[in-house]
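[1] Mind folding the following:
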Amino acid sequence: MNTKTFIHSSSICSLQSTTTPASEENTETKELTTKSKPKKWFPIKPEDALLTQYSTIVRGAYVRHVVLETKEMVDLAIQTYLRGGGGRNDDGDDNDKNTNNNDPFGKLAKDLSACVKSRNENGKIGWIDNPFHPSSINNKNEIVNEVVSELIPHYVVEELFRSKPKGGDVLSIKNDNRVGSDNSSSQWHLCRIDDLLIDYIPNSINDKDENINSSRMQFKQRGVNKVIKSRSKLKGLGTTPTAPKIITKSSNLPSNDESLDATNMAKTYHIATTGCQMNVADSERLAGVLENKLNLQQSKNPQDANVVILNTCSIRDHAEQKVYDTLGPYAARKRRGESIALVVAGCVAQQEGEALLKRVPEVDLVMGPQYVNRLDDLLDDVSRGHQVVATDPTLLSEDLSRPVRGDTLRAWVNVIHGCNEHCTYCVVPGVRGVEQSRSMESILQECLDLAEAGYKEITLLGQNIDAYGRDMTPKRNFADLLHYLNDNIQDGTIERIRYVTSHPRYFSDRVIDAVASLNKVCELFHLPFQAGDDQVLKNMRRGYTYDSYMKIIHKIRKRSPDAAICGDVIVGFPGETDEAFQRTLDLMNEVKFDNLNTFAYSTRPNTEAALWTNQVPEDVKAERLQKVQRLATQHGLERSERYVGKIVEVLVEDINPRNSMQVCGRTRQNRQVFFNANFDEYRGELVNVLITEARPWSLTGEIISN
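    Predicted coordinates for the structure are as follows:
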């Protein structure tokens with residue numbers, strides 16, 4: 001199943017041109033329409049964002065099915081499946097908390113499927129090859145559709161892959177091709193895709209195609225996969241770049257194999273991470289591949305590591321230059337002839353691509369965020385002396401290597417990757433791709449594994465977490481996910497569920513209800529508003545107004561009055577006047593955020609706002625940033641003071657680094673609390689603390705009897 005294919009695809013989607021309707025033409029517009037203009041096309045489906053054909057990269061799928069006799073039974077089965085996955089019953093009540101909903105599709109198969117052989121195995125069919133993959137097509141361009149399973153007909157398999165499914169999708173397919181039966185007796189197959197088998201295509205697109213793509217796909221994630229086998233000597237001493245040999249656990253090579261050069265074997269790694277929680281989570285997954293698949297250990301000294309990975313962020317200004325500066329010492333090691341694998345991962349890697357290799361030829365591998373779980377494949381090419389670029393947009397599959405967590409009590413859990421919003425200031429859609437949701441069952445399984453390992457708190461991650469499930473078939477939603485996790489994580493294990501980040505355009509009343517009613521979901525809403533002026537919000541392409549944002553806040557205050565509300569704000573966006581900035585201050589005063597992340601606007605590559613001529617002067621941006629920071633601190637103190645004299649529940653996380661006699665933890669609203677206690681006694685425990693002192697971003701208290 002891990003076989004690589006080396007197939008080139010030159011299929012590129014093209015943009016349609018548009019002209020002004022004749023009824024709207026005038027003297028000025030006629031001249032404009034003589035030149036066709038590309039539409040601003042934003043792909044929202046993962047399969048539409050691919051530059052390489054779906055049938056080329058998807059080798060197969062792990063499939064389960066439920067066989068049903070009528071369309072009415074199919075519809076009923078889908079509704080039953082959705083209710084079993086954290087939805088609500090027809091009467092509006094939550095699912096029974098004690099009902100075992102860990103695998104709603106498996107339960108559906110046992111209860112309803114007409115397939116005797118698979119229903120007692122949760123509908124399992126297993127791995128099925130994609131009949132349209134190049135490996136399934138002969139030299140006459142004919143599909144070699146050999147028997148893949150006695151449980152599912154060829155016709156159903158072909159229809160399944162024609163629909164271009166993703167992991168977690170559930171599709172209904174009528175077997176109209178049954179031999180010896182008419183249409184009226186045809187069975188239906190309700191198929192669930194548990195996971196996809198994705199090929200890593202080392203050379204996905206050539207230079208000519210890449211140039212065409214760059215000119216046509218202004219608003220589409222760009223990328224290329226390329227293996228460069230011929231490398232020039234490096235400047236300085238004129239050394240030929242070398243990389244250490246990397247042996248996977250599956251290589252079956254004994255450690256005492258005399259044919260192996262022990263001095264050139266990769267043994268240690270170092271990962272330097274910058275940026276958001278998504279990058280931190282990605283670094284934990286990278287470390288999981290390095291340790292669990294490649295047998296490496298974390299280096300105590302970064303300068304001694306055999307494999308060095310810079311997991312980068314491109315949100316802030318000068319992000320690229322900071323990466324180049326950080327690469328300097330490691331590149332010097334390479335020029336001195338040391339055998340080191342130098343990797344640039346993350347958002348800057350996706351943004352810069354092959355240009356990064358030309359700027360710093362010492363780099364061995366440039367890989368975008370979508371290739372985190374393919375690190376072992378990529379390093380295999382690096383160990384052969386090649387340079388590798390892996391930024392071609394791809395579909396995601398479940399990561400089988402367990403992350404190496406940076407904490408033993410709190411863990412990040414990805415639920416949706418990418419973003420479809422294309423705010424005019426933001427680089428995320430171009431570097432993390434379109435939205436791809438993980439299935440509820442996969443997310444739950446990761447949480448159950450964390451619970452078994454003793455974790456007490458999880459944070460669900462997504463660039464736009466309220467968009468969870470809208471790319472799936474059938475569509476799901478984030479409130480359903482919260483219910484599903486809360487209902488199926490055993491009490492006394494994981495005590496708290498947090499999440500980031502919401503988007504006001506998609507924020508749901510059901511999420512407010514879930515936070516207010518579910519015992520494990522913490523009373524905290526992170527709802528970036530970015531600006532208070534409606535015209536600025538429109539120019540940002542945020543999709544809401546001052547008033548619509550405040551309606552959400554009022555609903556939160558009414559339904560969950562003790563909840564904390566946090567946000568993000570950008571000052572100095574192009575065209576922001578003094579009056580527009582005042583609206584931002586007005587909104588802050590009306591909400592009074594518990595915590596506010598503040599940013600001065602900076603131009604970023606491949607974003608629309610960076611090209612506008614109405615940029616705000618830097619000194620004005622700095623002044624406005626200071627104003628919002630002062631006001632945010634004032635509000636933070638006001639929100640902290642409400643806890644004084646109250647008893648709050650605190651999860652004990654660590655020792656106060658400034659006072660070894662104190663421990664620190666957080667409330668359900670995420671306020672940090674310090675108090676005197678023995679860390680060894682209370683680590684990981686939920687304790688009651690009487691708050692005696694408030695500061696803008698933290699509290700001090702005294703532990704009381706539980």
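[2] I'd like the distance from stretch 340-358 to the chain centre, please.
    When distances are taken as Cα atoms, centre = their mean, to the nearest Å, stretch 340-358 is centred 19 Å away from the chain's centroid.
[3] I'd like the mean pLDDT over it, please.
    For stretch 340-358, mean pLDDT rounds to 94.
[4] now the helices for the stretch 251-400 of the chain?
    Assigned by DSSP state H, counting those that start in this stretch, the helices in the stretch 251-400 of the chain fall at 277-292, 319-335, 347-352, 354-359, 375-383.
[5] show me the contacts for the residue nearest to the spatial centre of the chain.
    When Cα atoms, centre = their mean is applied to the chain, the residue found nearest the centroid is residue 417 (2.5 Å). Residue 417 makes contacts with 369-370, 396, 432-433, 435-436, 438, 462-463, as judged by Cβ atoms under 8 Å, 6 or more residues apart in numbering. Glycine gets a C-beta too; all of them are placed from N, C-alpha and C.
[6] Same list, these, but as JSON lines with distance to residue 489 and pLDDT please.
    Shown next, in JSON lines, are these (distance: Cβ to Cβ, whole Å; pLDDT from 0 to 100):
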{"residue": "369", "distance to residue 489": "27", "pLDDT": "95"}
{"residue": "370", "distance to residue 489": "28", "pLDDT": "94"}
{"residue": "396", "distance to residue 489": "24", "pLDDT": "92"}
{"residue": "432", "distance to residue 489": "28", "pLDDT": "93"}
{"residue": "433", "distance to residue 489": "29", "pLDDT": "92"}
{"residue": "435", "distance to residue 489": "25", "pLDDT": "95"}
{"residue": "436", "distance to residue 489": "24", "pLDDT": "96"}
{"residue": "438", "distance to residue 489": "16", "pLDDT": "96"}
{"residue": "462", "distance to residue 489": "19", "pLDDT": "95"}
{"residue": "463", "distance to residue 489": "24", "pLDDT": "93"}
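[7] Show me which of the residues you listed is closest to residue 297.
    residue 369 (24.4 Å; Cβ to Cβ).
[8] where's the closest residue in space to that closest one that isn't next to it in sequence relative to residue 343, distance?
    The shortest distance from residue 369 to any non-neighbouring residue, by Cβ to Cβ, 6 or more residues apart in numbering, is to residue 432 (5.4 Å). To residue 343, residue 432 is 18 Å away according to Cβ to Cβ, to the nearest Å.
[9] swap in residue 436?
    Residue 436 is 23 Å from residue 343, by Cβ to Cβ.
[10] Can you read off the backbone torsions of residue 507?
    Per-residue torsions, residue 507: phi -60, psi 130 (degrees, to the nearest 10).
[11] which residues touch it?
    Residue 507 makes contact with 466, 527, 552 under the criterion Cβ under 8 Å, 6+ apart.
[12] ChimeraX command to pick out the buried ones of the contacts of residue 417?
    Buried residues among the contacts of residue 417 (16 or more other Cβ atoms under 10 Å), as a ChimeraX selection:
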select :369,370,396,432,433,435,436,438,462,463
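[13] which one of the contacts of residue 417 is nearest residue 632?
    Using Cβ to Cβ, residue 463 is the member of these that lies nearest residue 632, at 22.8 Å.
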